[in-house]
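Undergrad: Build me a structure from this.
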Amino acid sequence: MAKHANQKLKLMTLYRILRDNTDESHPLTVSQLIQQLEAREIHAERKSIYADMEALQQLGLDVQSRKGKAPGWFLGERSFQLAELKLLVDAVQSARFITQRKSRQLIGKLEAQTSIHQARQLQRQVYVGRRVKTINEWVYYTVDQLHAALANGKAVTFRYFEYNVRKEKVYRHGGQRYTVSPAGLIWDNENYYLVGYDHRSGETRHYRVDKMDDLVVTFLPRKGIPEDFDMASYASKHFGMFAGREGQVTLRCSNQLVGVILDRFGLDAILIPEDACHFTVTIPAVVSPQFLGWLFGLGDGVQLLRPQWAVDMLTQQLMATAALYGTRFTPSPSTPQGSTPQ
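TA: The predicted structure is shown next:
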């Protein structure tokens, strides 16, 4: 009676057996398929198996048979190729904002997209130098809520915090809620950032998603975001998503840094040859300690020419850093003088 009752599940069960247990290198013979069905209390005969395989093919599944030394049936083309699944697994393991627990869950779901034999190849450990996974799983769901707010054109509210030396949350603005109209999300420096119009300040700002607490998608319509707002331009101007003063910054660079400049600012950056060894480039940038650190990291291959207020910021930063080591830094008389401060 039990076998007869399960006959209605036969076709779906066959598909699952093929999906989970077969691939091009691991086919199952008709006898093995019958054994698998019998183990699930589903009776089958050889003729019916061939008819079922034809039915699965008519449903659009890539069910294939092979003859020769290793004959049998297997599921060929799938939604994801093995190489694609490996890329996705690597991305999940490398993403800092996805917790270890959530990573295991996602990878388990990816493994279900291939056979048990190929799934073993997805048990990969991607090492990324000293990368620390977040312990806050709510980030995963906060990102989803923000996408919903963007899709529906609604503002969000949240509390925003920093950690103190005791690793305790300290909420900004005394714990008062921020109200922000989302413009978009940016993935930068291994973190998600929300870019949006802050209703309190009337400015476009960005916030680290993993430092947002108690997010609520409101019924307030989104406002303050221009129709032509360029998210890519916003991201390129903010080094490491640090805040600072924005302006048109002119750099004098060694020709050896052409690739570095184009990688950072894109092929639209206008490079003007100055002599046989140098070029100048003017780019929009938010001048922050992170930006100045990026310049310093390029050594004597780059010189900040203007605006003068940016040159002054760099000079002051160098003097403060030198003082930490008991060294007095004196700006060279040839320090370039820029145009009128912006």
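Undergrad: Spell out the secondary structure type for residue 195.
TA: strand (DSSP: H, G, I helix; E, B strand; the rest coil).
Undergrad: What is the neighbour count of it?
TA: Other residues near residue 195 come to 21 when the count uses other C-beta atoms under 10 Å. Any C-beta I mention is one placed from the backbone N, CA and C, and that applies to glycine too.
Undergrad: Look up which residues are beta-bridged to it.
TA: As for beta bridges, residue 195 partners with residue 184, residue 206 under DSSP bridges.
Undergrad: Surely it touches residue 181?
TA: No - Residue 195 is beyond contact range of residue 181, at 10.2 Å (criterion: C-beta atoms under 8 Å).
Undergrad: Residue 317 belongs to a strand, doesn't it?
TA: No - counting by three-state DSSP, residue 317 is not part of a strand but helix.
Undergrad: What does the nearest residue to it once chain neighbours are set aside show for phi and psi?
TA: Nearest non-adjacent residue to residue 317, counting by C-beta to C-beta, 6 or more residues apart in numbering: residue 292, 5.3 Å away. Backbone geometry at residue 292, expressed as degrees, to the nearest 10, gives phi -60, psi -40.
Undergrad: burial measure for residue 292, as a count.
TA: 21.
Undergrad: go on, residue 42?
TA: 20.
Undergrad: need the contact list for the residue most central in space within the chain.
TA: In the chain, the residue lying closest to the centroid (C-alpha atoms, centre = their mean) is residue 187, at 5.4 Å. Residues in contact with residue 187, defined by C-beta atoms under 8 Å, 6 or more residues apart in numbering, are residue 193.
Undergrad: Could I get the pLDDT score of it?
TA: Note for residue 187: predicted pLDDT of 79.
Undergrad: chain center to stretch 153-163, what's the gap?
TA: Chain-centre distance of stretch 153-163: 20 Å, with C-alpha atoms, centre = their mean, to the nearest Å.
Undergrad: residues of that stretch that come out buried?
TA: Within stretch 153-163, the residues that count as buried by 16 or more other C-beta atoms under 10 Å are 154-161.
Undergrad: how about the helices in the stretch 1-150 of the chain?
TA: 2-6, 10-21, 30-39, 46-58, 82-94, 100-111, 116-119, 138-152 (DSSP state H, counting those that start in this stretch).
Undergrad: right, I mislabeled it, should have said the stretch 151-300 of the chain
TA: Counting by DSSP H, counting those that start in this stretch, the helices of the stretch 151-300 of the chain are 231-237, 258-265, 289-297.
Undergrad: Can you check which of those helices gets nearest to residue 166?
TA: Closest to residue 166 of the helices of the stretch 151-300 of the chain is helix 289-297 (C-beta to C-beta; 24.7 Å).
Undergrad: That closest one - contacts with which helices or strands?
TA: helix 308-324 (3 or more C-beta pairs under 8 Å, 6 or more residues apart in numbering; DSSP states H and E).
Undergrad: Go again with 10 Å.
TA: strand 245-254, helix 258-265, strand 278-287, strand 302-306, helix 308-324 (3 or more C-beta pairs under 10 Å, 6 or more residues apart in numbering; DSSP states H and E).
Undergrad: can you list the buried residues of stretch 153-163 in a markdown table and add distance to residue 302 and pLDDT?
TA: Converted to a markdown table, these look like this (distance: C-beta to C-beta, whole Å; pLDDT from 0 to 100):
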| residue | distance to residue 302 | pLDDT |
| --- | --- | --- |
| 154 | 43 | 95 |
| 155 | 41 | 96 |
| 156 | 39 | 97 |
| 157 | 42 | 97 |
| 158 | 38 | 97 |
| 159 | 40 | 96 |
| 160 | 34 | 93 |
| 161 | 36 | 89 |
